[in-house]
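In: Mind folding the following:
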Amino acid sequence: MRRGAPERPRPLAALLGGARSCPARPPRPRGARRAPPRPAPAPAPARWWMFHGAAGSSSLRGLDLSPRGAAWASGSGAQYLLAAGPPYSLERRTLTASDGAPAVPGAAPEDDLRDIHVLDERTIVALAAGEGARSRVYHSVDGGARWQVALENPDPDGFFDAIAFWDARRGLLIGDPVRGRYVLYATEDGGASWRRLPEESSPPALPDEHLFAASGTCLVTHGARAAWFGTGGARARVLRSDDGGRTWTAAAAPLAQGSPSAGVFSLAFQDARRGVALGGDYQAPTRRAGVAAWTDDGGRTWSPVEEADGPGGYRSGVAFAPPHAAGAPALALAVGTSGADLSRDGGRTWRPLRDAPPLNAVAFAALHAAWVAGPDGRLGRVELLAGAGETR
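Out: This is a model prediction of the structure:
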């Protein structure tokens, strides 16, 4: 998403075509007391291990885990990190040499690696987000020792936002609208080459609608052919495809909207039916209204999470933990620059996570352990501890 001057958000009812009429509220009997506000939930206990400043001042937004559990994070300054263990050791790498010269053909110090995918121990795909040709896909087949440019954005007005894979070979890339339509590319060889999908497979954008390249998770996939992406700006929507990106259907998302800085920033699905949408307004990181929604019909409809039950503010990344029992709601963890929140009921209610630093992205390593990445070169792990009334 290109940065623009923030606008004052319009009421959701106005965006959806006008306020609905409601019956008049009966008067409260004289002397009756208002119900006390529901107390905020106590923070959930957590244990954090952080590599502070691991990538200097780089803002880390891409995050993925290898099949063996190593964490790969990517961010601004053409930087990416590899944390392997335990015991965990950290390796800092860059697409440019120490003097700023391109160590990778076509790379530049201003490359902002907003998304990264570890398809196996040797095949890595990284997405650089930027205006025009600065949006590109880098591909490595030797564990990141050498890279090639697999795709360079041919549209001067284009902006790549995210990549998602169904398996180690098949994936999708999405970019902001060009000439009124979202831009989609597909790969069938693990990101080594990409083909642009035809116009009929590129859904039209609404006026002043766009995507957010906040954590590489505005686009997600599931199973063999299902895919979803979330939008923001004038309208917040979630678009769904059941046929590998050939056709798309849209559903309204009850998240903050009406401003260039508001909308859906991250999606996650526990299975083909149950999912969550997280976002809000990054210009108002502690505003709790319009931050989270959930679905139990595969994204055909979305239900809002009430402010009192929702995360503590804008959230740019969300992930589900591996399920601990068939059919049971999975743990979900949402992160943002104002904190992190845990859900134990599939995203319907959220509880703040104790001592959470500013973060951008999250990826689960196990049922109660996740890797997190954020601003100021922050990379680390969090262990979710059992709190009062909770069992492990």
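
In: Confirm that residue 200 lies within a helix, as I assumed.
Out: Yes - applying DSSP: H, G, I helix; E, B strand; the rest coil, one finds residue 200 inside a helix.

In: what's the spacing between it and residue 181?
Out: Distance, residue 200 to residue 181, by C-beta to C-beta, to the nearest Å: 10 Å. In short, each C-beta sits where N, CA and C put it, glycine included.

In: higher neighbour count, the two?
Out: Neighbours were counted for residue 200 and for residue 181 using other C-beta atoms under 10 Å; residue 181 has more, 14 against 9.

In: ok, now which ones touch the nearest residue to that one once chain neighbours are set aside?
Out: Distance criterion C-beta to C-beta, 6 or more residues apart in numbering; nearest residue to residue 181, sequence neighbours excluded, is residue 202 at 4.3 Å. Residue 202 sits next to 181, 182, 183, 184 when contact means C-beta atoms under 8 Å, 6 or more residues apart in numbering.

In: for these, which one is nearest residue 295?
Out: For the contacts of residue 202, the residue nearest residue 295 by C-beta to C-beta is residue 182; the value is 20.4 Å.

In: Residue 162 is in contact with the closest one, correct?
Out: No - counting by C-beta atoms under 8 Å, residue 182 stays clear of residue 162, with 11.3 Å between them.

In: Name the residues contacting each of the two.
Out: 174, 211, 229.

In: thinking again about what came up before, between residue 182 and residue 162, who's got more neighbours?
Out: Comparing residue 182 with residue 162 by other C-beta under 10 Å, the one with more neighbours is residue 162, at 27 against 23.

In: Is the more buried one located within a strand, as I assumed?
Out: Yes - assessed by three-state DSSP, residue 162 belongs to a strand.

In: what's the burial count for the closest residue to residue 257 other than its chain neighbours?
Out: Of all residues not flanking residue 257 in the chain, residue 236 sits nearest, at 4.1 Å (C-beta to C-beta, 6+ apart). For residue 236, the count of nearby residues is 28 (other C-beta under 10 Å).

In: List the contacts of residue 236.
Out: Contacts of residue 236 (C-beta under 8 Å, 6+ apart): 230, 252, 253, 254, 255, 256, 257, 262, 263, 264, 279, 290.

In: residues in contact with the last one?
Out: Residues near residue 290 by C-beta under 8 Å, 6+ apart: 12, 236, 254, 255, 256, 257, 262, 279, 280, 281, 304.

In: For residue 83, state which of those residues is nearest.
Out: residue 279 (27.3 Å).

In: Provide the partner residues of that closest one in its beta bridges.
Out: Beta-bridge partners for residue 279, by DSSP bridges, are residue 264.

In: from what I can see it touches residue 287, true?
Out: No - with contacts counted by C-beta under 8 Å, residue 279 stays clear of residue 287, the gap being 11.2 Å.

In: any shared contact partners between those two?
Out: Contacts common to residue 279 and residue 287, judged by C-beta under 8 Å, 6+ apart, are 256, 314.

In: Settle it for me: which of the two has more neighbours?
Out: residue 279 (33 against 18).

In: For that one, which residues are in contact?
Out: 212, 230, 232, 236, 255-256, 262-266, 290-291, 314-316.

In: let's go with 10 Å and repeat that
Out: Residue 279 is in contact with 212, 214, 218, 230-232, 236, 253, 255-257, 262-267, 290-293, 311, 314-316, 318, 334, 336, counting by C-beta atoms under 10 Å, 6 or more residues apart in numbering.

In: Residue 314 versus that one, what's the distance?
Out: In terms of C-beta to C-beta, residue 279 sits 7 Å off from residue 314.

In: got any ranges where this protein has weak pLDDT?
Out: 1-40, 52-55, 98-101, 324-325, 387-392 (pLDDT under 70).

In: Try it again at 90.
Out: 1-43, 50-57, 84-89, 96-106, 322-330, 385-392 (pLDDT under 90).

In: which residue ranges form the helices in it?
Out: 12-15 (DSSP state H).

In: on that earlier part again, please enumerate the shared neighbours of residue 279 and residue 314.
Out: With C-beta under 10 Å, 6+ apart, residue 279 and residue 314 have common neighbours 214, 256, 262, 265, 290, 291, 334, 336.

In: ok, the closest residue to the first one other than its chain neighbours - contacts?
Out: In this structure, residue 214 finds its nearest non-sequential neighbour in residue 316, 4.0 Å apart by C-beta to C-beta, 6+ apart. Taking C-beta under 10 Å, 6+ apart as the definition of contact, the neighbours of residue 316 are 61, 212-215, 217-218, 265-266, 278-280, 282, 285, 334-337, 359-362, 374.

In: now swap in residue 301 and tell me
Out: With the criterion set at C-beta under 10 Å, 6+ apart, residue 301 makes contact with 238, 251, 252, 253, 254, 293, 295.
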